[in-house]
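> What would the 3D arrangement of this be:
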Amino acid sequence: MGQKASHYDTIPLCEAHHQTSGNAIHLMGMRPWEAKYGTQRELIESTKGKLGG
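Residues are numbered from 1 along each chain as shown. Predicted coordinates:
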């Protein structure tokens, strides 16, 4: 069984990117969404870099 991700490794999304717009992860699906925006790991590392950590 996998472990729950740390809160430091989660990606909060606005409502539009989460489920209500044409760019929503729940409507596009994981693969197309990651192809457009980057993988979850890439986004987390990019954010950490921007925050200096």
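> Could I get the full set of strands for the protein?
In the chain, no strands are found when defined by DSSP state E.
> which regions of it sit below the pLDDT cut-off?
Where the chain drops to pLDDT under 70, the residues are 1-2, 53.
> now the helices for it?
According to DSSP state H, the chain carries its helices in the segments 15, 25-28, 30-37, 40-50.
> Turn those into a markdown table, including mean neighbour count and distance to residue 3.
All C-beta atoms are positioned from the backbone trio N, CA, C, and that covers glycine. Formatted as a markdown table, the helices of the chain follow (neighbours: other CB atoms under 10 Å; distance: least, CB to CB, whole Å):
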| stretch | mean neighbour count | distance to residue 3 |
| --- | --- | --- |
| helix 15 | 9 | 27 |
| helix 25-28 | 15 | 22 |
| helix 30-37 | 13 | 19 |
| helix 40-50 | 12 | 15 |
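> can you tell me which of these comes nearest to residue 9?
helix 40-50 (5.7 Å; CB to CB).
> Now do that closest one against helix 30-37, angle only.
30 degrees (axes from the mean of the first three to the mean of the last three CA atoms, to 10 degrees).
> got the CA positions of helix 40-50 in PDB?
Taking Å, rounded to 0.1, in the frame of the first residue of the first chain, the C-alpha atoms of helix 40-50 are listed here in PDB:
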ATOM      1  CA  GLN A  40       3.200  16.600 -10.500                       C
ATOM      2  CA  ARG A  41       6.900  16.000  -9.600                       C
ATOM      3  CA  GLU A  42       8.000  18.700 -12.100                       C
ATOM      4  CA  LEU A  43       5.500  21.200 -10.800                       C
ATOM      5  CA  ILE A  44       6.500  20.500  -7.100                       C
ATOM      6  CA  GLU A  45      10.200  20.900  -7.900                       C
ATOM      7  CA  SER A  46       9.600  24.100  -9.900                       C
ATOM      8  CA  THR A  47       7.600  25.600  -7.000                       C
ATOM      9  CA  LYS A  48      10.100  24.600  -4.400                       C
ATOM     10  CA  GLY A  49      12.800  26.200  -6.600                       C
ATOM     11  CA  LYS A  50      10.900  29.400  -6.800                       C
END
